[in-house]
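Novice: below are the sequence and a predicted model; questions follow.
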Amino acid sequence: MAKLVDIHIHLTDDAYRDILNYLKTYLKATDAVLVCVSVDLKSSMECVEWAEEFRGKVLPFLGVHPQMAGEANIDRFLEYLMKMSDVAVGVGETGLDRRLGSKQDVGEGQRKVFREQL
């Protein structure tokens, strides 16, 4: 039988706050795997906490979402990413989001954060 794998979930999002106990119980009772994607340094740290609690069931992807590029301290994030390189499964959330800028323009802040994460 196929294993349930959610390839993109923001476990650290406030939307899950009311069902955290349910999610934890579910993870303990099943062989489901969740790819925990972060959007900034804080959520990256929280994804690592989830991964430590549910080894092999929560896979942390650490990154800075384009929407967070303007407020991100990329140096602190990169320092944390290097520190967690043995824990992090991949980098994410990352990329360029044309919807954020006017006339589909990607700002320099997004470009810088994207380049640094690569």
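Specialist: Cool, got the structure.

Novice: show me what the top helix by length along the chain is packed against.
Specialist: The residue-count maximum for a helix in the chain (DSSP state H) belongs to helix 41-53. On a contact count with 3 or more CB pairs under 8 Å, 6 or more residues apart in numbering; DSSP states H and E, helix 41-53 meets strand 33-37, strand 58-62, helix 74-83. The C-beta positions use only the backbone N, C-alpha and C, and glycine is treated the same way.

Novice: show me what counts as buried in it.
Specialist: Neighbour-count burial for helix 41-53 flags 41, 43-44, 46-48, 50-51 (criterion: 16 or more other CB atoms under 10 Å).

Novice: ditto for stretch 28-43
Specialist: 33-41, 43.

Novice: okay if I get these as JSON lines plus distance to residue 21 and pLDDT?
Specialist: Formatted as JSON lines, the buried residues of stretch 28-43 follow (distance: CB to CB, whole Å; pLDDT from 0 to 100):
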{"residue": "33", "distance to residue 21": "19", "pLDDT": "97"}
{"residue": "34", "distance to residue 21": "15", "pLDDT": "97"}
{"residue": "35", "distance to residue 21": "21", "pLDDT": "98"}
{"residue": "36", "distance to residue 21": "17", "pLDDT": "98"}
{"residue": "37", "distance to residue 21": "21", "pLDDT": "98"}
{"residue": "38", "distance to residue 21": "21", "pLDDT": "97"}
{"residue": "39", "distance to residue 21": "23", "pLDDT": "96"}
{"residue": "40", "distance to residue 21": "25", "pLDDT": "97"}
{"residue": "41", "distance to residue 21": "26", "pLDDT": "98"}
{"residue": "43", "distance to residue 21": "20", "pLDDT": "98"}
